[in-house]
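**Student:** what's the 3D shape of this:
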Amino acid sequence: MELPAVLEPLESAEALKIEAPYPIRYPGKARADLSFRVDGKTWYVELKTANINWSATGIKDKIRPITPNMGGIISDMAKLRESCPPA
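**Tutor:** Residues are numbered from 1 along each chain as shown. The predicted structure follows:
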């Protein structure tokens, strides 16, 4: 199930938006993957899937480089930190 579909029915989560603009514009990436408001505070979310280097029974192995993927996750964390300072 998609995360927005899980959050939408929650009474405490309001104003669910997909591709929501950051409150402070970040060069080259002006939108978060998801935002929602709880108790009057807006939360911004960047969604990533981390690559792994181990296999599991029944799952097809694919070659995916880990280092660039981790760099992308760290980059998204920096975007959130710079674009959405604590209130």
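**Student:** Which helix in this structure has the most residues?
**Tutor:** With DSSP state H applied, the helix covering the greatest number of residues in the chain is identified as helix 66-83.
**Student:** for it, which positions count as buried?
**Tutor:** Within helix 66-83, the residues scored as buried using 16 or more other Cβ atoms under 10 Å are Asp76, Lys79, Leu80, Ser83. Just so you know, the C-beta spots here come from the backbone N, C-alpha and C atoms, and that holds for glycine as well.
**Student:** Tabulate those in a markdown table, adding columns for pLDDT.
**Tutor:** Converted to a markdown table, the buried residues of helix 66-83 look like this (pLDDT from 0 to 100):
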| residue | pLDDT |
| --- | --- |
| Asp76 | 83 |
| Lys79 | 80 |
| Leu80 | 79 |
| Ser83 | 75 |
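**Student:** Output those as JSON lines; include the columns distance to Glu46.
**Tutor:** Below are these laid out as JSON lines (distance: Cβ to Cβ, whole Å):
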{"residue": "Asp76", "distance to Glu46": "4"}
{"residue": "Lys79", "distance to Glu46": "7"}
{"residue": "Leu80", "distance to Glu46": "6"}
{"residue": "Ser83", "distance to Glu46": "10"}
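**Student:** State the mean pLDDT of whatever helix or strand Ala32 lives in.
**Tutor:** Secondary-structure assignment from DSSP states H and E places Ala32 in strand 31-38. Summarised as a single mean, pLDDT over strand 31-38 is 83.
**Student:** partners of that strand in the sheet?
**Tutor:** Sheet pairing of strand 31-38 (DSSP bridges) gives strand 13-21 (antiparallel), strand 41-45 (antiparallel).
**Student:** Done for today, thanks.
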